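Novice: sequence plus predicted model, see below.
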Amino acid sequence: MSALSDAIARSFATGEPARAALSPLRALGRRQLSGVEVLAQSVATTAPAVSMVVLPVTMFTHQMLLSGLITIVVATVVVSLIAVCVSQFTRRMAAAGGLYSFVFQGLGTRAALTAGVAMLTKYVGSAVMTLYHGGQAVIATLGFFGVELRGPAERLLVYAGIALVILGCLVRGVRFAALAILAVESCSLLFIAGLMIVTGAGGQHAAVPPSDSAYGPLLMTLAAVFALAGFESATFFGPEAKRPLATVTRTVMLTPMICGGLFIFSAWAAWSGRTDTLVNAYLHGTATGVDPAVVIALNLGLGTSWLASAMASSNAASRLLYSMGIETVVPRLFARVHRGYRTPYAALAVIVCVVCAGAATFGLVGKSAAFGHVQLIARTAVVAAYVLVAVASVRFLSRIGEHTPLVLSAGVAGSAAGGIVLAYMLFVNVAHGFTMVPAVVLALLLSGSAWQLYLRWRHPASLRSVGVFDTAETDDVLPGAGVFATDAAGNLALTAAGRTPGSR
C-alpha cells in the first residue's frame, strides 16, 4: 500500500503537462468492445458454420475421410502455433493495423508493407467470396418461396442491397456491428450444428463426384488452414477493446481452438456418416430426395454465416486501411472517422464497394475460373502473412530481450509449416505449368520493396510513422507516475525515465 500511497501523493504534487499526450488512434473511440464482442468479430471472420459443411465436402471429394480428419487436427495445431506468435505482440501493444503493425516491430518497414498487402488481399478476397456465396444463398432461398430472380438487374439489386445493409451496420458503430455479427453467426452455428445432429441418421450416402487431382492432401491442407484463417482479425480492434492487451490476446488464442474443435467435430461426423444428408443438400438441393425444409434451413444457416464473414472481413480491412491512412502510407482520406459513430467511414465505403463489385460480378457471370483464382490468391496471401508474423515474433522478442523457448518453438514451427505449404504450392503449380501461385508470391515479395521505394520518393515522412499503435494518454496515467517525452514522429508518448519513445 505504501507504493500506491506514494503514487497518489505524488499525483497531487505534480502539475499537469503543458501539452496533453493523445493516442494516435483515439478517433476510433477507445475502450468500447467487450471480450465477447471481440471474440464474435474473430470467430465470424472464419465463417465456422460454412466450414463445417465445406470441409466434409472436401474430404469426400478427395476421398480423404480419416486422413482428412487428421489433416484438420494438424492444421488446428499449426494455426494455434501462429496464434502463439501473434499473442506475443497483442500482450504488449494494441494496433488498428493488426499483423501489419506487428510485422513492422520485428522485421521493419519493407516486411510490414508486404504483410499489409497480403492482409488486404486476404480480407478483400475473402469478403468477395463470402458475399458472393451469401447472395447466392439469399437468391436460392427466395426461389423456394416462389420469388425467382433470373435477370441481371434483379441479381445486382440483391448484392447492392446486401452491401448497403453491411455498410450501414459497420458505419453505425463498432459495437453495433459486433453485436450484429454475434447474433448472425450464433444463429448460423446453431442451424448447422442442429441440422448435423437431426439429419445425421437420414439413411443417405453423400453423392460427391470424386476428384481426379493427384494433390488432394495439399488441397485438403489449404482448405483446413484457410477455414481457420481469420482469428487474427481481433488484433485490428485492439484500440477499441475495453481491456485490449488481455481481451485480444485471449481471443487470438481461443478462436483457433474453438473453430478447430468445431471443424474436428464436423470431420468426425463426415467420417462416421453423419453429414451425408447435409452434403447432399448443399451440393444438390432437393435432387437427391432431401426434405425441402432441410435445404431451406441449410441455405439460411450458410447464408447468414457467409454474410457475417463478409461483414467481419470488411470491418477488419477498414481498420488496416485506417491505420495506413493515419501513417499517410495511403491517402489521408482513409483516416477519416465519423464524428458521431467513430468509425472509419471512408475506408469502410471503399472496401464494401470493392467487395460488392467483385461479388456482383461473379453473381452475374457465374462462378468462373476467375473465382478459383481469387480463392487461391487469398489463400497464398494469408499463408505468406502468417510466415512473416511468425518470423517477426522471434525477431521482436530477441530484440527486446524477452525470448522464451515456447515462442522460439512456435515461431520456428509456424514459419516452417507455412514455408513448406508455400513451397509445395509453388512446386505443384510450376510442375503443371500454372503461373498463378508463383506470380502471386513474386508480387507479394516485390510489393513491400516497391511500396517503400515509392514512399521514399513521394512521401518520405510517412516511412517514419509506420507501425503506429495505441499509446497511453495523459488521462490514463496518474500525474508523476510516468514520463512523457516526444517520440520520433513528434508526438508525446509515455516512456520509461531516461529513455526516448521508440528507441531500440
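Specialist: Okay, I see it.
Novice: C-alpha from now on. contacts and neighbour counts both.
Specialist: OK.
Novice: show me where the stretch 101-250 of the chain has its helices.
Specialist: Assigned by DSSP state H, counting those that start in this stretch, the helices in the stretch 101-250 of the chain fall at 109-144, 152-172, 174-198, 216-228, 244-271.
Novice: now do the first one and helix 216-228, the angle between them.
Specialist: Put plainly, it is helix 109-144. Helix 109-144 runs at 90 degrees relative to helix 216-228, counting by axes from the mean of the first three to the mean of the last three C-alpha atoms, to 10 degrees.
Novice: show me what helix 109-144 is packed up against.
Specialist: Using 3 or more C-alpha pairs under 8 Å, 6 or more residues apart in numbering; DSSP states H and E as the contact test, the elements touching helix 109-144 are helix 99-107, helix 152-172, helix 292-326, helix 345-365, helix 369-400, helix 436-458.
Novice: quick check: buried residues in the first one?
Specialist: Right, helix 99-107. Buried residues in helix 99-107, counted by 16 or more other C-alpha atoms under 10 Å: 99-107.
Novice: likewise for the third one?
Specialist: Residues of helix 292-326 classed as buried: 294-326 (neighbour count, 16+ other C-alpha under 10 Å).
Novice: lowest-confidence stretch among the helices of the stretch 101-250 of the chain?
Specialist: Of all the helices of the stretch 101-250 of the chain, the minimum mean pLDDT falls on helix 174-198 (a mean of 84).
Novice: what's the offset of that one from the middle of its chain?
Specialist: Helix 174-198 sits 17 Å away from the centroid of its parent chain (C-alpha atoms, centre = their mean, to the nearest Å).
Novice: could you do stretch 373-383 as well?
Specialist: That offset, for stretch 373-383, works out to 13 Å (C-alpha atoms, centre = their mean).
Novice: got the buried residues for it?
Specialist: 374-383.
Novice: go on, stretch 424-440?
Specialist: 425-426, 428, 436-438, 440.
Novice: stretch 223-237: end-to-end distance?
Specialist: 26 Å (C-alpha to C-alpha, to the nearest Å).
Novice: correct me if wrong: Ala335 contacts Leu320.
Specialist: No: between Ala335 and Leu320 there is no contact under C-alpha atoms under 8 Å: 10.1 Å.
Novice: where does the protein have low pLDDT?
Specialist: 1-21, 199-204, 474-504 (pLDDT under 70).
Novice: need phi/psi at Ser211.
Specialist: phi -90, psi 150 (degrees, to the nearest 10).
Novice: how near is it to Thr61?
Specialist: 6 Å.
Novice: for these two, indicate the residue with more neighbours.
Specialist: Thr61 (19 against 13; other C-alpha atoms under 10 Å).
Novice: who are the contact partners of the closest residue to the more buried one other than its chain neighbours?
Specialist: Among residues not flanking Thr61 along the chain, Pro210 sits closest, at 4.7 Å (C-alpha to C-alpha, 6 or more residues apart in numbering). The neighbourhood of Pro210, defined by C-alpha atoms under 8 Å, 6 or more residues apart in numbering, consists of 60-63.
Novice: secondary structure added to the residues you listed, as CSV?
Specialist: Listed next are the contacts of Pro210 as CSV, based on DSSP: H, G, I helix; E, B strand; the rest coil:
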residue, secondary structure
Phe60, helix
Thr61, helix
His62, coil
Gln63, coil
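Novice: let me have these in CSV, extended by distance to Ala94.
Specialist: Output for the contacts of Pro210, formatted as CSV (distance: C-alpha to C-alpha, whole Å):
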residue, distance to Ala94
Phe60, 42
Thr61, 42
His62, 41
Gln63, 43
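Novice: which of the residues you listed sits closest to Leu453?
Specialist: His62 (44.6 Å; C-alpha to C-alpha).
Novice: my read: that closest one touches Gly216, true?
Specialist: Yes: using C-alpha under 8 Å, His62 is in contact with Gly216, at 5.4 Å.
Novice: more neighbours, the two?
Specialist: His62 (21 against 18).
Novice: and the more buried one, what does it touch?
Specialist: His62 makes contact with 210-211, 213, 216, 220, according to C-alpha under 8 Å, 6+ apart.
Novice: again with Ala410
Specialist: Taking C-alpha under 8 Å, 6+ apart, one finds 81-82, 84-85, 390 in contact with Ala410.
Novice: fine by me, we can end here.
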